[in-house]
Each structure stands twice: as C-alpha cells, then as structure tokens.
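1. Compute the structure for the input listed below.
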Amino acid sequence: MLVMTVEPGFGGQKLIPHTLNKVRRLALLRSEGKLPMHIQVDGGINGETARLAAAAGANVLVAGSFVFGAENLERPVGMLLDAAIQPPLPEF
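-> Numbering: from 1, shown residues only. The predicted structure follows:
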C-alpha cells in the first residue's frame with residue numbers, strides 16, 4: 001500500500017505529519033491479519049522522518065531527493081538504514 005506523505009508532483013517537499021496517521025491505521029490492519037501488505041511511504045523522507053515513518057509501521061521508504069540530492073550517497077543511505085533499525089519511538 002502506498003501512502004503519499006507530501007502533495008504529489010514536486011520533489012524536495014517536507015513530510016506532512018498527519019499523513020502518518022494513515023500509515024498507523026494500515027499497520028493496525030496488517031497486524032490484525034486483515035490485510036497482509038507492505039506499507040510504503042513516499043515524500044519528505046530523510047534521516048529524521050524515516051524513523052517516524054518506520055515507527056508508524058512503514059516498511060518501504062522512498063527517499064528520492066534526500067538520497068539523490070546528496071554529494072555522497074553513502075551518508076543518506078546510512079542514515080536511512082540507521083533510522084529503519086532503531087527501536088520504535090514511544091507513542092504519546
């Protein structure tokens with residue numbers, strides 16, 4: 001399932017925080033066994049928002065501008081990997 005976390009059509013936008021609520025709802029359906037799926041987020045993904053998206057339940061991250069806008073691909077890719085394997089953020 002693809003969740004757009006920005007307005008489609010323009011690269012380099014900031015993630016719209018309330019779109020992660022959709023990811024959380026989909027993750028709940030997935031965990032209840034109602035919809036076996038991958039949850040992909042596309043838009044505004046960087047080292048910080050990758051962790052938020054993963055904590056919300058996304059397991060596929062699209063990070064075009066963050067990765068391909070960097071001079072050295074190793075740094076942003078490393079940041080995304082670190083974000084993906086960190087423990088989930090606490091819920092409030």
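2. For this structure, which residue occupies the most central location?
-> Taking C-alpha atoms, centre = their mean, the centroid of the chain lies closest to residue 53, which sits 3.6 Å from it.
3. Sticking with residue 53, tell me its helix or strand.
-> helix 47-56 (DSSP states H and E).
4. Can you spell out which helices and strands pack onto that helix?
-> Helix 47-56 sits against helix 20-31, strand 60-62, helix 74-85, with contacts defined as 3 or more C-beta pairs under 8 Å, 6 or more residues apart in numbering; DSSP states H and E. Glycine gets a C-beta too; all of them are placed from N, C-alpha and C.
5. returning to what we had before: quick one, grab the pLDDT at the residue nearest to the centre of the chain.
-> We have a pLDDT of 94 for residue 53.
6. Any figure for the gap between it and residue 19?
-> Noted for residue 53: a distance of 9 Å to residue 19, by C-beta to C-beta, to the nearest Å.
7. shared neighbours of these two, anything?
-> 5, 41 (C-beta atoms under 8 Å, 6 or more residues apart in numbering).
8. Show me which positions of the helix or strand bottoming out on mean pLDDT in the chain end up buried.
-> None of the helices or strands of the chain scores lower by mean pLDDT, DSSP states H and E than helix 74-85, at a mean of 88. By neighbour count with 16 or more other C-beta atoms under 10 Å, helix 74-85 contains the buried residues 76, 79, 80, 83.
9. Who are the contact partners of the last one?
-> Okay, so that is residue 83. 47, 48, 50, 51, 54.
10. What's the ChimeraX line that selects buried ones from those residues?
-> Here is the ChimeraX command that selects the buried residues among those (16+ other C-beta under 10 Å):
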select :47,50,51,54
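11. That concludes my questions; thank you for your assistance.
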